[in-house]
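J.: Generate coordinates for the sequence data below:
(chains A and B)
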Amino acid sequence: MSEQPIIKVQDLYKTYRAGDVDVHALQGANLEVEKGEFVSVVGASGSGKSTLFNVLGALTSPTSGTVSIAGNNLESLSGPQRAALRKRTVGFVFQKYNLLPTLTAEDNIRIVQYIGGRGTNFSPAFVEILDILGITDRMKHKPRALSGGQQQRVAIARALVNEPAILLADEPTGNLDSQNTKAVLDLLKKLNRDLGQTILMITHDQEAAAYGSRTIRMRDGQILD
Amino acid sequence: MINKLVLSNLAHRPVRTILSVLAIAVEVTMILTLVGVSYGTLDGTARRARGVGADIMIRPKGSAAIGLSTAPIPDLLLGVVAQQPHVALATGTAIQPLSGFDSITGLDLDTFSRMSGGFHYLQGGPFQTDQDMLVDEYYAREKGLHVGDKVQLVSRTWNIAGIFESGKLARICVRLPVLQELMVSPHKLSQIFVKADSQEHVQQVLEELRAKLPGYPIYTVEEFTSLLSINSVGLLRSFIGVVIGVAVTVGFIVVFMAMYTAVLERTREIGILKAVGASSGFILNLLLRETILLSLLGALAGILLTYVTQWLMQYAVPASLTQETVYAWWPIAGAIAVGGALLGVIVPAVRAVKQDATEALSYE
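T.: Have a look, this model is predicted:
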């Protein structure tokens, strides 16, 4: 690979306080992800997967170490620069979908496009993505009128609307039944294969992890392989 | 798009939105009603003073232009005034304050009628006996009075002899000597009205009276009515200031509570917005727009409510309280509502902006 890795993590530590206890969530993690990869990160609860997700998504700062996302060194970014990175470079898919309950599916996507400074009209390319996700007929519904699988598809669409370099997914099938789990994972694989979307997916499910082109394991805040 | 989010947020919690709007509306109504009643009362007084048909008014020594005086002017003065050059007519009245905003006025109906053109009676007619009382249409409506009814006032039973069209001097009138006797102020007057023989001589009469009666506040009726403003009445101005202070505090508390709860309830949603890249400015903008919209809706509802209070006063106490619609105060009351609301949103907004995205996203 001649290009720089799109994600580069070196000697990453993250310690946070939970009550009176210091939790050492990340303890010297190292990771490189190339552009266009679909990487699954697996590990038991408490292994540091979600903390890694939050650090890579610039949602929280590392205690030490370096993190480069699409050429941006996170440690040197200010709060507004981190927000800018989240709206343009990274798209998030959460286990609990995290759609805004007051807006329709369509507006949940449009508001993110608006925040990203790209207006509110969907591009033809994005309309194709909506077709792939199979949610075009559910766009006028509010999240409470959608099934879990449909909500997660809307969340994926929302994550992609600003054409992020990286899609970060934290247990995207954790709340879904097996049928919807398969459908969502197939979609992620299709997005990666057909559109070259870089995806880093956190999961504790080995079957789900198998959809990735590479699986890395975490234990005690470290990446094992 | 942000407006859509604001509207959907407000629509998503209709009870809280309606309660917040209503609370702000009450704040605005409180201000507009007080101002409206103040203007209504002062303008009503001015209108009735003009209705007397006099050019000049003489008030008791040491009295302010506004405020009820009893009867400290010796009625001998009336003769002195009437003898002045270019004075066509002079008449004196005595005023006895009653409870609330009411007062009873003693007058010499003959000279008063010559000066003012007389009352226009809607029912009955002038005094026939010392027990007779005349009331204006609003007082009659408020108290449900008709000609021939008996009324107990200032420890005496009166007979309603006539109901007259409002707009001249007073709402309740009795014969002057009768009231003077009841007030234990025989031969004393509360004010003297003077009519000049022509408009060109009004200023001359005024100056001569001022020279002749040092210490007595003497005004042209135009001067007197121009003094009937909120700014001339220190107590009223202070009272309105206090009410505005209370209103701002109410608005502050209401919006503080509403937005604090909203921010708390929407912790996760704010976390989502932050996660997708919304800046602190965006979050602040969202909350400010919500607050401004709430307060503008509240102000609008408050303005509409003032028509309800106006109708209620017109219906229930038309003589005691008159509420005017003071359009000039609409933007002021609106600004006060928005100002109080913006004060109220500061703390919740700071809390929202400072919220950690990861903690907010895990908030249940």
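J.: where do the helices sit along the stretch 51-200 of chain B?
T.: B:76-82, B:109-116, B:137-143, B:176-182 (DSSP state H, counting those that start in this stretch).
J.: Helix, strand, or coil at the closest residue to chain A within the stretch 251-364 of chain B?
T.: Closest contact between the stretch 251-364 of chain B and chain A, by CB to the nearest CB, is at residue B:277 (2.3 Å). C-betas here are computed from N, CA, C, even on glycine. Look at residue B:277: counting by DSSP: H, G, I helix; E, B strand; the rest coil, its state is coil.
J.: got it, and the one 4 residues further on?
T.: Three-state secondary structure (criterion: three-state DSSP) places residue B:281 in helix.
J.: What number of residues are in the vicinity of it?
T.: Applying other CB atoms under 10 Å in any protein chain shown, we find 11 residues neighbouring residue B:281.
J.: same deal with residue A:132?
T.: Using other CB under 10 Å, residue A:132 has 16 other residues around it.
J.: go on, residue B:303?
T.: The number of residues packed near residue B:303 is 19, by other CB under 10 Å.
J.: likewise the one 10 residues further on?
T.: By other CB under 10 Å, 19 other residues sit near residue B:313.
J.: Please apply the same query to residue B:317.
T.: Residues near residue B:317, counting by other CB under 10 Å: 18.
J.: Show the model's pLDDT score for it.
T.: Residue B:317 is assigned a predicted lDDT (pLDDT) of 76.
J.: Now do the contacts for it.
T.: For residue B:317, the contact set (CB atoms under 8 Å, 6 or more residues apart in numbering or on different chains) comprises residue B:142.
J.: Check residue B:258 too.
T.: By CB under 8 Å, 6+ apart, the neighbours of residue B:258 are B:16, B:19-20, B:294, B:344.
J.: Residue B:276 now?
T.: By CB under 8 Å, 6+ apart, the neighbours of residue B:276 are A:86-87, A:92, A:111-112, A:115-116, A:158.
J.: and if you look at residue B:36?
T.: B:306, B:309-310, B:323-326, B:329.
J.: tell me which element residue A:92 falls in.
T.: Assigned by DSSP states H and E, residue A:92 belongs to strand A:90-93.
J.: Can you spell out which helices and strands pack onto that strand?
T.: Judged by 3 or more CB pairs under 8 Å, 6 or more residues apart in numbering or on different chains; DSSP states H and E, strand A:90-93 is in contact with helix A:148-160, strand A:166-170.
J.: let's see it at 10 Å
T.: helix A:49-56, helix A:148-160, strand A:166-170, strand A:198-203, helix B:267-275 (3 or more CB pairs under 10 Å, 6 or more residues apart in numbering or on different chains; DSSP states H and E).
J.: Need the helices of the stretch 51-200 of chain B in JSON lines (columns: distance to residue A:198).
T.: Converted to JSON lines, those look like this (distance: least, CB to CB, whole Å):
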{"stretch": "helix B:76-82", "distance to residue A:198": "100"}
{"stretch": "helix B:109-116", "distance to residue A:198": "93"}
{"stretch": "helix B:137-143", "distance to residue A:198": "80"}
{"stretch": "helix B:176-182", "distance to residue A:198": "96"}
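J.: Quick one, which of these gets closest to chain A.
T.: Comparing the helices of the stretch 51-200 of chain B under CB to the nearest CB, the one sitting nearest is helix B:137-143, at 49.9 Å.
J.: For the closest one, name the packing helices and strands.
T.: Against helix B:137-143 (3+ CB pairs under 10 Å, 6+ apart) you get strand B:121-124, strand B:132-136, strand B:156-164, strand B:172-175, helix B:280-316.
J.: now it, how far from the centre of its chain.
T.: 19 Å (CA atoms, centre = their mean, to the nearest Å).
J.: Give me the contacts around it.
T.: B:44, B:102, B:120, B:122-123, B:133-136, B:145-147, B:149, B:151, B:160, B:162-167, B:170-172, B:313-322 (CB atoms under 10 Å, 6 or more residues apart in numbering or on different chains).
J.: Redo the contacts of residue B:36 as JSON lines? Include pLDDT, distance to chain A and neighbour count.
T.: Formatted as JSON lines, the contacts of residue B:36 follow (pLDDT from 0 to 100; distance: CB to the nearest CB, whole Å; neighbours: other CB atoms under 10 Å in any protein chain shown):
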{"residue": "B:306", "pLDDT": "93", "distance to chain A": "32", "neighbour count": "24"}
{"residue": "B:309", "pLDDT": "91", "distance to chain A": "35", "neighbour count": "17"}
{"residue": "B:310", "pLDDT": "87", "distance to chain A": "37", "neighbour count": "20"}
{"residue": "B:323", "pLDDT": "83", "distance to chain A": "40", "neighbour count": "24"}
{"residue": "B:324", "pLDDT": "80", "distance to chain A": "42", "neighbour count": "18"}
{"residue": "B:325", "pLDDT": "87", "distance to chain A": "37", "neighbour count": "15"}
{"residue": "B:326", "pLDDT": "86", "distance to chain A": "38", "neighbour count": "19"}
{"residue": "B:329", "pLDDT": "88", "distance to chain A": "35", "neighbour count": "21"}
